[in-house]
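Novice: make a model of this:
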Amino acid sequence: MSTLAEGAVVQGRVLTALMLREIHTINGNSKLGYLWVLIQSVFGIAVFWGVRAFMGAHAPHGMSVPIFLAIGFGLWNIFSGGITRCMNAVDGNRGLLTFPQVTEFDMMLARVIVITATQILTSAIIIAVSVLFGSEFRPASAPLFLLVLITVPLLSLGMGMVLSSLAVFLPVLEKLVPMALRILFFVSGVFFVVSAFSHQIAEWLLFNPLMQGIELMRMALHMGYVTDGLDPEYLCAFTVISLTLGGLFERYVRRRRLSQ
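Specialist: Sure, this is the predicted structure:
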């Protein structure tokens, strides 16, 4: 038990140091720091809010448009940001691997934690400001909220490890993945609801675990928001499989990556 406790303390210190380094890397060159992250998120939401207002579209089931979009953009940024940051984690911190306590997994985990915490804070501020200006906010399920909040970052970590490992053998993935993420952005329900499509199309869209996560989060944070076909077990199973494969692949390519 003493050895396990000492290992946990060392692991915690390593993650803390890597997280602080990541925060400085993301925001250290900007005088606005974290405020710039908030500005970027608000700008993205404002653009799509303006487009929806121009088209006369409203969020379904009485949900406020800013809250609707904040949930979509927040989870999307966690997912896509986690994958891309995991894929370049080693190249950006290769010198740290000379320390025996630091592993590739530590680097990826630290980056996902920082991205997740940043997006949670940003989304919470946007939702709070929206509520202050009169938007209705009626949370429906705390357990479902926590489930999605845990699984989506872990999903991004698992997918990031898988793709980062495969990129060791197929370097072209480093260019293909950002392109694929741009396409995935438009089919993940960030700014639309799956119920807007026919049943046949909706069934295909719901194979996307991120779509499931976004719609489940909206159900958790707004009473009366209901989408048919959602399956929390599917999201959890996809996350567990991606983490398992990611862990196996990351261990397999560790020596090969260091020798490059």
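
Novice: low-confidence regions, the stretch 1-150 of the chain specifically.
Specialist: Applying pLDDT under 70 to the predicted model, the residue ranges of the stretch 1-150 of the chain that meet it are 1-2, 26-34, 52-53, 55-59, 92.

Novice: which parts of it are helices?
Specialist: When assigned using DSSP state H, counting those that start in this stretch, the helices of the stretch 1-150 of the chain occupy the ranges 2-27, 34-54, 65-87, 89-92, 104-132, 142-169.

Novice: identify each buried residue in the fifth one, please.
Specialist: Judged by neighbour count (16 or more other Cβ atoms under 10 Å), helix 104-132 contains these buried residues: 104-116, 118-119, 122-123, 126-127, 130. Every C-beta, even on glycine, is put in place using the N, C-alpha and C of the backbone.

Novice: distance of the most centrally placed residue in the chain from residue 115?
Specialist: The C-alpha lying nearest the average C-alpha coordinate of the chain belongs to residue 78 (Cα atoms, centre = their mean; 1.9 Å). Summarising the geometry, the distance separating residue 78 from residue 115, computed by Cβ to Cβ, to the nearest Å, is 6 Å.

Novice: you'd agree residue 139 is up against residue 145?
Specialist: Yes. In this structure, residue 139 sits in contact with residue 145. The criterion is Cβ atoms under 8 Å, and the distance is 7.0 Å.

Novice: quick one on the thing from earlier: go through the helices of the stretch 1-150 of the chain and pick out the most buried.
Specialist: Most buried of those by mean neighbour count (mean count of other Cβ atoms under 10 Å) is helix 65-87; its value is a mean of 25.

Novice: what's the angle from that one to helix 34-54?
Specialist: 130 degrees (axes from the mean of the first three to the mean of the last three Cα atoms, to 10 degrees).

Novice: what packs against the helix or strand where residue 182 lies?
Specialist: In the assignment (DSSP states H and E), residue 182 maps to helix 173-185. Taking 3 or more Cβ pairs under 8 Å, 6 or more residues apart in numbering; DSSP states H and E as contact, the helices and strands that helix 173-185 lies on are helix 65-87, helix 142-169.

Novice: state the mean pLDDT of it.
Specialist: Per-residue pLDDT values over helix 173-185 give a mean of 93.

Novice: so what's in contact with residue 78 and residue 115 at the same time?
Specialist: Among the neighbours of residue 78, those also in contact with residue 115 (Cβ atoms under 8 Å, 6 or more residues apart in numbering) are 153, 156.

Novice: related to what we said a few turns ago, relative to residue 118, how far out is the residue nearest to the centre of the chain?
Specialist: Residue 78 is 9 Å from residue 118, where distance means Cβ to Cβ.

Novice: check residue 80 too.
Specialist: 13 Å.

Novice: what is in contact with residue 139 and residue 145 at once?
Specialist: 220, 221.

Novice: before we move on, what SS does residue 229 have?
Specialist: Taking DSSP: H, G, I helix; E, B strand; the rest coil as the rule, one finds residue 229 in the coil state.

Novice: so it makes contact with residue 203?
Specialist: Yes. Counting by Cβ under 8 Å, residue 203 is a contact partner of residue 229 at 6.8 Å.

Novice: distance of the residue nearest to residue 256 when sequence neighbours are not counted relative to residue 194?
Specialist: In space, not counting the residues next to it along the chain, residue 256 is nearest to residue 168; the distance is 5.8 Å by Cβ to Cβ, 6 or more residues apart in numbering. Applying Cβ to Cβ, the value for residue 168 to residue 194 is 35 Å.
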